[in-house]
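Asks: Mind folding the following:
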Amino acid sequence: MKNFIKIAAVAATLAGAATTAKAQSIVDIAVGDERFSTLVAAVQAAGLVDTLAGPGNFTVYAPVNDAFAALPEGTVETLLQPENKDQLTNVLLYHVDDRELTASMFPAGSNYFKPILASERLCITAGAEGVMIADGTGDMANVVIADIQADNGVIHVIDKVLLPGTRPACH
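Replies: Numbers count the residues shown, from 1 in each chain. Just a heads-up that it's a prediction; the model follows:
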């Protein structure tokens, strides 16, 4: 039943996104969706709007506002300060792959993927339970909505902010 609800939610979201997302960049879609207001503020503070609105192809693992709210108190406010722009940029680029990867392109099982932040890896696990992403903390994010198409890539909505750190165990 849980998977049916997820599939129905994804289908409804994709149906709505299919009519509005084409001819919109990843940034346009995020700006138009209140669930991403914290992500949009962070992208603006890091000076990444032009990059993520520009020609792709990109895959963005987009945390919702609740994912940012789950970070330790004061983390978001600290990252948004101008003197922490480099750190914020690193965190945000850890959510971006420079290829367009739809959910069907993730092979079954656990595999490493390299986001734009070249020194770090993500471990993406695809299976019957959906797609999960392990970050540098070893914690898992769930892809709650997959394959929102933009004209410069694809967005996968996740329920956790991905944080660089040590290479996650993947096999």
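Asks: Low-confidence ranges, the chain, go.
Replies: 1-23, 117-118 (pLDDT under 70).
Asks: quick one: the strands in it?
Replies: 58-63, 96-97, 109-113, 122-127, 130-134, 140-150, 153-158 (DSSP state E).
Asks: Okay, now stretch 120-136: how far is its last residue from its first?
Replies: Taking C-alpha to C-alpha, to the nearest Å, stretch 120-136 runs 8 Å from one end to the other.
Asks: So which of the strands of the chain is nearest Ile29?
Replies: Closest to Ile29 of the strands of the chain, according to C-beta to C-beta: strand 140-150, at 5.5 Å. Bear in mind the C-beta positions are built from the backbone N, C-alpha and C, glycine included.
Asks: Run the chain-centre distance for the closest one.
Replies: 7 Å (C-alpha atoms, centre = their mean, to the nearest Å).
Asks: now the angle between strand 153-158 and that strand, please.
Replies: 150 degrees (axes from the mean of the first three to the mean of the last three C-alpha atoms, to 10 degrees).
Asks: quick one, what contacts the residue nearest the centre of the chain?
Replies: What sits nearest the mean C-alpha location of the chain, by C-alpha atoms, centre = their mean, is Tyr61, with 1.2 Å. If a contact means C-beta atoms under 8 Å, 6 or more residues apart in numbering, then Tyr61 has His95, Val96, Leu122, Ile133, Ala141, Val143, His156, Ile158, Leu162 as its contacts.
Asks: Ok, Val157 next?
Replies: When the contact criterion is C-beta under 8 Å, 6+ apart, the partners of Val157 are Arg35, Ala62, Val64, Val143, Val144, Ile145, Ala146, Ile148.
Asks: Kindly report the same for Val91.
Replies: When contacts are counted by C-beta under 8 Å, 6+ apart, Val91 touches Ala42, Leu79, Val161, Leu162, Leu163, Pro164.
Asks: Can you report how many residues neighbour Asp159?
Replies: By the measure other C-beta atoms under 10 Å, the count of residues near Asp159 is 16.
Asks: correction: Ala108
Replies: Ala108 is flanked by 9 other residues according to other C-beta under 10 Å.
Asks: so it sits right up against Glu129, yeah?
Replies: No: counting by C-beta atoms under 8 Å, Ala108 does not reach Glu129; the two are 11.5 Å apart.
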